[in-house]
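Enquirer: structure, please.
(one chain, ligands or ions: 3)
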Amino acid sequence: MELVTNSLKILNEEDKKDLDVARISEDEKSTASRKLYIESYGCQMNFADSEIVASILRENDFATTSKIEEAELILLNTCAIRENAEQKVRHRLQHLVPMKNKRKNVKIGILGCMAERLKTKLLEEEKIVDMVVGPDAYRDLPNLINEVEEGHKAVNVFLSREETYADITPIRLDSNGVTAFISIMRGCDNMCSFCVVPYTRGRERSRDAHSIVKEATDLFNQGYKEVTLLGQNVDSYKWQSADDSVVTFANLLEMVAQVSPDLRVRFSTSHPKDITDEVLYTIKKYDNICKYIHLPAQSGSSRILELMNRTYDREWYMGKIDRIREILGEECGISQDMIAGFCTETEQDHQDTLSLMDYVKYDYGYMFAYSERPNTPAAKKLTDDVPDDVKSRRLAEIIAKQREHSLERNQMSVGKVYKVLVEGFSKRSQEHLSGRNDQNKMIIFPRENFQKGDYVNVLVTECSSATLIGHIVE
Ligand code: SAH
Ligand code: SF4
Ligand code: F3S
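Expert: Ligands and ions are numbered 1, 2, ... in the order given. Modelled structure (predicted):
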């Protein structure tokens, strides 16, 4: 699948969870008579949603397939975060035109954030689309499919204040059988000025804590060894039970960590303003909660952070980093998201971003050129005035700096032994396994007699900016 050009993830090439690569549904073993093909774009939450969609449609006699040509229903679960994310879907739809012309009965549905953003406009603009379904309307899919089969176009983009799909057991698509994602909340109330998510995913709501713990327990009983708790802003998780007791994110982490010491717990994403000492101490308290925090900064300039409505400034963010390292130690993995060339960004603002990176020395990051999204506060109130060539140059400088830091941080791991959860074969060879350590770094090592799902101790002997290499020790 193509990679977009203005974003780059400095991460392990082994890591399959690449933000910018579409995921394709697998061949499901089932007696269901109808075939469904789902292609998913965007973030892990969208991938998790596709697993909910597959589960809802299984009840309607659909089984997933990896072969688009045998599917009677094709769903694209889309992302709207940057313009190129939408462009990718438009291109994909163009590619599907000849097939739709040949197989008149095949139905095409657009799900996810682009569906929510464009609503019925999508039907007008893309003639081959039969159905447009927003992220909170998946329970309605069986009805919408019926409508389409009766020859109508179908749309449901209603955003809910309650829907969390808590009772639906996702069908794991594209799974290694070892690591899985659990959505713990939906939507976002933060209103960062550049961001389309509050409009495509609606208001923030937290899922029933007991249903989360049950899902984690079921996964562990099926042989899974790691769960990642997902939300746009996990630290503001808050769920009130029937007896009025409140479960915070720190409480939830603890509840999931207690499922088993052999079940690793990760989480993403943390908004710097909401991650509390209580959360940090909970991470410290449990060996199976991974010492790794994705803490997007977006910029190192206090002036830009204010315009972005991130509600913290440079010094406050640095203080948070200090606190993380104080409580969890220097080795705790920290990664970033950065946006280059936001409205009015000067050379000095850009230098502030680079110097913030020098201060933190992130393990890796996801870096993007600013892409204006229609109807966001930034689009309404600010001017997207940094020229494209300047955005690209600044982005390249940020990426180059991250690469240096990734290498430096990886070199700190050489000579150390880490507990690694084996996720499968290395991409390049069946003689090597790959898995991640606590800090979320991918390590490659000769397989000996081990297999996926095992915990092994690996001595790191060499590294690049992207990967650690080593061998198993006692
Ligand atoms: N909820 C997460 C991020 C979700 S979107 C958080 O608050 O950090 C993932 C990343 O995409 C963001 O962190 C940001 O770096 C990037 N992003 C969002 N909107 C963007 C835009 N309009 N242009 C460029 N990058 C954007
Ligand atoms: Fe977007 Fe900000 Fe919400 Fe993240 S916290 S999803 S960047 S509005
Ligand atoms: Fe994209 Fe929606 Fe996720 S816009 S990043 S798929 S929440």
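
Enquirer: touching ligand 1 at all, the top helix by length along the chain?
Expert: Identified as the longest helix of the chain according to DSSP state H is helix 388-411. No: using C-beta under 6 Å from any ligand atom, helix 388-411 never reaches ligand 1; the gap is at least 9.7 Å. All C-beta spots, glycine's among them, are computed from the backbone N, C-alpha and C.

Enquirer: near ligand 3, which residues of the protein show up?
Expert: Within the chain, the residues that sit near ligand 3 (C-beta under 6 Å from any ligand atom) are 42-43, 45-46, 79-81, 112-113, 196-197, 200-201.

Enquirer: rerun that using 5 Å as the cut-off
Expert: Counting by C-beta under 5 Å from any ligand atom, the chain comes close to ligand 3 at 42-43, 46, 79-81, 113, 197.

Enquirer: quick revisit: report the distance from the longest helix of the chain to the chain centre.
Expert: Distance of helix 388-411 from its chain centroid, counting by C-alpha atoms, centre = their mean, to the nearest Å, is 21 Å.

Enquirer: which neighbouring elements make contact with that helix?
Expert: Helix 388-411 sits against strand 7-10, strand 333-340, helix 347-360, strand 364-369, strand 455-463, with contacts defined as 3 or more C-beta pairs under 8 Å, 6 or more residues apart in numbering; DSSP states H and E.

Enquirer: tell me which of those lies nearest to residue 316.
Expert: Checking those against residue 316 by C-beta to C-beta gives helix 347-360 as the closest, at 11.7 Å.

Enquirer: got the contact list for that closest one?
Expert: 297, 299-304, 314, 317-318, 321, 334, 336, 338, 340, 394, 397-398, 401-402, 405 (C-beta atoms under 8 Å, 6 or more residues apart in numbering).

Enquirer: now the angle from it to strand 364-369?
Expert: 170 degrees (axes from the mean of the first three to the mean of the last three C-alpha atoms, to 10 degrees).

Enquirer: what residues of stretch 64-71 count as buried?
Expert: For stretch 64-71, the neighbour count (16 or more other C-beta atoms under 10 Å) marks 64-65, 71 as buried.

Enquirer: pLDDT averaged over that stretch - what is it?
Expert: The average pLDDT for stretch 64-71 rounds to 93.

Enquirer: remind me which residues of this protein are low pLDDT?
Expert: Scanning the chain for pLDDT under 70 picks out 1-21.

Enquirer: quick one on the thing from earlier: adding distance to ligand 1 and mean neighbour count, write the helices and strands packed on helix 388-411 out as TSV.
Expert: Formatted as TSV, these follow (distance: least, C-beta to the nearest ligand atom, whole Å; neighbours: other C-beta atoms under 10 Å):
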stretch	distance to ligand 1	mean neighbour count
strand 7-10	8	21
strand 333-340	3	23
helix 347-360	12	17
strand 364-369	4	24
strand 455-463	26	17
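
Enquirer: nearest to residue 381, out of the ones you listed?
Expert: Using C-beta to C-beta, the nearest of the helices and strands packed on helix 388-411 to residue 381 is strand 333-340, at 16.6 Å.

Enquirer: who are the packing partners of the closest one?
Expert: strand 292-294, helix 347-360, strand 364-369, helix 388-411.

Enquirer: ok, 10 Å please
Expert: Counting by 3 or more C-beta pairs under 10 Å, 6 or more residues apart in numbering; DSSP states H and E, the packing neighbours recorded for strand 333-340 are strand 7-10, strand 292-294, helix 314-328, helix 347-360, strand 364-369, helix 388-411.

Enquirer: wondering if the shortest one reaches ligand 1 at all.
Expert: Just to be clear, that refers to strand 292-294. No: counting by C-beta under 5 Å from any ligand atom, ligand 1 has no neighbours in strand 292-294; the shortest distance is 7.8 Å.

Enquirer: sheet partners, orientation included, of that strand?
Expert: Note on strand 292-294: by DSSP bridges, its sheet partners are strand 333-340 (parallel).

Enquirer: for the partner strand, the distance to its chain's centre please.
Expert: 14 Å.

Enquirer: coming back round to it: can you redo the helices and strands packed on strand 333-340 as CSV with distance to ligand 2?
Expert: Listed next are the helices and strands packed on strand 333-340 as CSV, based on distance: least, C-beta to the nearest ligand atom, whole Å:
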stretch, distance to ligand 2
strand 7-10, 15
strand 292-294, 11
helix 314-328, 14
helix 347-360, 16
strand 364-369, 11
helix 388-411, 17
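
Enquirer: reformat the ones you listed as a markdown table; add distance to residue 208.
Expert: Conversion of those to a markdown table gives the following (distance: least, C-beta to C-beta, whole Å):
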| stretch | distance to residue 208 |
| --- | --- |
| strand 7-10 | 33 |
| strand 292-294 | 24 |
| helix 314-328 | 29 |
| helix 347-360 | 35 |
| strand 364-369 | 30 |
| helix 388-411 | 38 |
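
Enquirer: might one say that residue 227 is in contact with residue 252?
Expert: No: the criterion here is C-beta atoms under 10 Å, and residue 227 misses it with residue 252 at 11.6 Å.

Enquirer: shared neighbours, these two?
Expert: Common contact partners of residue 227 and residue 252 (C-beta atoms under 10 Å, 6 or more residues apart in numbering): 212, 265, 267.

Enquirer: surely residue 114 touches residue 125?
Expert: No: Residue 114 lies out of contact with residue 125 (C-beta under 10 Å); the separation is 11.0 Å.

Enquirer: who has more neighbours out of the two?
Expert: Neighbour tally, residue 114 and residue 125, criterion other C-beta atoms under 10 Å: the higher count belongs to residue 114, 26 against 11.

Enquirer: which residues touch the more buried one?
Expert: 41-42, 76-81, 85-86, 88-90, 122, 132, 134, 196, 200.

Enquirer: you'd agree it is in a strand?
Expert: No: per DSSP: H, G, I helix; E, B strand; the rest coil, residue 114 lies outside any strand segment and is helix.

Enquirer: mind putting the buried residues of stretch 64-71 in a markdown table, secondary structure and distance to ligand 1 included?
Expert: Output for the buried residues of stretch 64-71, formatted as a markdown table (DSSP: H, G, I helix; E, B strand; the rest coil; distance: C-beta to the nearest ligand atom, whole Å):
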| residue | secondary structure | distance to ligand 1 |
| --- | --- | --- |
| 64 | strand | 26 |
| 65 | coil | 30 |
| 71 | coil | 29 |
